[in-house]
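Engineer: sequence first, predicted model second:
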Amino acid sequence: MKVSPEVLLNQLGAVANGLLYPSETDAPLIPFAWETMRDFSIDKLLLATRHSRDTPVDGMEPDDFFAPVEHVEEWFDDTERETAHRFEVLHDTLDDLLTDISVYRVGTVNIDVYVIGKTADGYFAGVSTKLVET
């Protein structure tokens, strides 16, 4: 489904609004759309995100990224269950709007994370967040 960058950002923003990805610090998920990026490479990711070319980049599967925040424990309260459900909705929305989704962890300790895929219009978009891992 073709979606303009503005509509895509609004859709992702609506489902990500208020969600915080947990790590040693909890950080929001911020939608992005890179309309000028038509083919993807790690070098282009580093350029688009203003990281130096020697910054370490690790890839991971989207399911592995979302699994910890979508998982519901028996003892969760209603708020925790709702948060897990909202992460599922975000994951589903990304799957609906993008193809070839990957997750890239850029840096060490203070890590920038990009959940990125290709739109039907051929540009790249997704959500980013930050992790702190010491």
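Structural biologist: Received it, and whenever you're ready, just let me know what you need. Computed from a predicted model, the values in this text were never measured in an experiment.
Engineer: and the longest helix seen in the chain, what does it pack onto?
Structural biologist: When the chain is parsed with DSSP state H, its longest helix is helix 78-97. Other helices and strands packing on helix 78-97, by 3 or more C-beta pairs under 8 Å, 6 or more residues apart in numbering; DSSP states H and E, are helix 5-16, helix 62-70, strand 110-118, strand 124-132. (Each C-beta comes from the backbone N, C-alpha and C, glycine too.)
Engineer: mean confidence score for that helix?
Structural biologist: The pLDDT scores in helix 78-97 average 96.
Engineer: next, the angle from the helix or strand that it is followed by to helix 78-97.
Structural biologist: Using DSSP states H and E, the helix or strand that follows helix 78-97 in sequence is strand 99-106. Angle, strand 99-106 to helix 78-97, by axes from the mean of the first three to the mean of the last three C-alpha atoms, to 10 degrees: 120 degrees.
Engineer: can you give me the buried ones in strand 99-106?
Structural biologist: Residues 101-106 are the ones in strand 99-106 that count as buried (16 or more other C-beta atoms under 10 Å).
Engineer: again, but for stretch 28-48
Structural biologist: 29, 31-34, 37, 40, 45-46, 48.
Engineer: what about those residues, which are in helices?
Structural biologist: Secondary structure defined by DSSP H assigns 45-46, 48 of the buried residues of stretch 28-48 to helices.
Engineer: nearest to His85, of those?
Structural biologist: Distance to His85 across those (C-beta to C-beta) is lowest for Leu45, with 29.9 Å.
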